[in-house]
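[1] The amino acid sequence is not available; the structure is as follows:
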C-alpha cells in the first residue's frame, strides 16, 4: 500500500482475560479506501472499532487517525467521522426526525439534502418513535445520521444488521457513491460476501488476532 495512511493501528492490545479481547492487532487503512473487517461475533471487531473512535484506552499499542492519537485526541477526531455503532442506543426523544434535527443543529448542518437522499434510499420512517423502532428501522436512522454529515471517514460496525435484502442493496449503492467521492470507509461484518462487493481490502480477525488481509 503506497497511499497515504489515514487510520493506523499498531500492535493494539486490549486483554479482557480468559482469551477475550484483541491482541497485537496492526492494520493500515489507506485514505480513500473501503476497508472491510470480517470475523464472527466476539472475534474482536467492535473492540477494535471502539479504539479507533477513542472510546477505549489500549492496554498496549496505538491507533492514530489523520496522524492524531485516537485516545488522546478523540474529540478532534470525531469531527471527521460518521459512525454507526454495533449496538444502537438513541437518546430519549420523540421521533427519528427530532433526533436527526438535534444532531444537525449540534453539528452545524444546515443542508439536509444528504439526509433526504439517504432517507429516500433506505426508507426509514423518521416520524416513528425512536424507542419503539424495530432494529432495522433504528439501523436505517443511524445510517442517515452517519451519512448526512458527509464525513471524511465512515466507521460502520455491522451496518447491514436488520436490513432486508432490498435495503442491503440500497446500502451498497450508498457505499459505492461515498467511495467514488473519496470517503475512507472502515466497516465490519461477519459475512465476507457483503464486504467483497465493495471493499478494496478485507482483514480477517479470529479470537482477537488478525489472521489475514486480502
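    Structure received. Remember, it's a predicted structure, so these values are computed and weren't measured experimentally.
[2] Give the full set of residues in contact with residue 90.
    99, 130-131, 138, 141 (CB atoms under 8 Å, 6 or more residues apart in numbering). Yep, even glycine has a C-beta here, placed from its N, CA and C like the rest.
[3] Separate out the buried members of these.
    Among the contacts of residue 90, those classed as buried by 16 or more other CB atoms under 10 Å are 99, 130, 138, 141.
[4] Would you point out the most distant pair within the residues you listed?
    Using CB to CB, the pair of these lying farthest apart is 99 and 138, separated by 10.3 Å.
[5] host element of the most centrally placed residue in the chain?
    Against the mean C-alpha coordinate of the chain, by CA atoms, centre = their mean, the closest residue is residue 156 at 1.7 Å. Mapping residue 156 onto the secondary structure by DSSP states H and E places it in strand 153-157.
[6] Name the residues of the worst-scoring helix or strand of the chain on mean pLDDT that are buried.
    Using mean pLDDT, DSSP states H and E, helix 192-196 stands out as the lowest-scoring helix or strand of the chain, at a mean of 91. Residues 194-195 are the ones in helix 192-196 that count as buried (16+ other CB under 10 Å).
[7] which element follows that helix toward the C-terminus?
    strand 201-206.
[8] Kindly provide the whole-number mean pLDDT of stretch 136-147.
    The average pLDDT for stretch 136-147 rounds to 95.
[9] Helices of this protein, residue ranges please.
    Along the chain, counting by DSSP state H, helices occupy 45-52, 74-78, 96-107, 113-122, 135-148, 165-181, 192-196.
[10] nearest to residue 87, of those helices?
    Nearest of the helices of the chain (CB to CB): helix 45-52, 8.3 Å.
[11] the inter-axis angle of that closest one versus strand 153-157?
    150 degrees (axes from the mean of the first three to the mean of the last three CA atoms, to 10 degrees).
[12] So what touches helix 45-52?
    Contacts for helix 45-52 (CB under 8 Å, 6+ apart): 7, 9, 12, 14, 21-22, 25, 37-39, 56, 58, 63, 65, 70-71, 86, 155, 157-158, 186, 188, 190, 205, 208.
[13] Backbone dihedrals for the nearest residue to residue 107 once chain neighbours are set aside, please?
    In this structure, residue 107 finds its nearest non-sequential neighbour in residue 149, 5.7 Å apart by CB to CB, 6 or more residues apart in numbering. When read as degrees, to the nearest 10, the backbone of residue 149 gives phi -80, psi 0.
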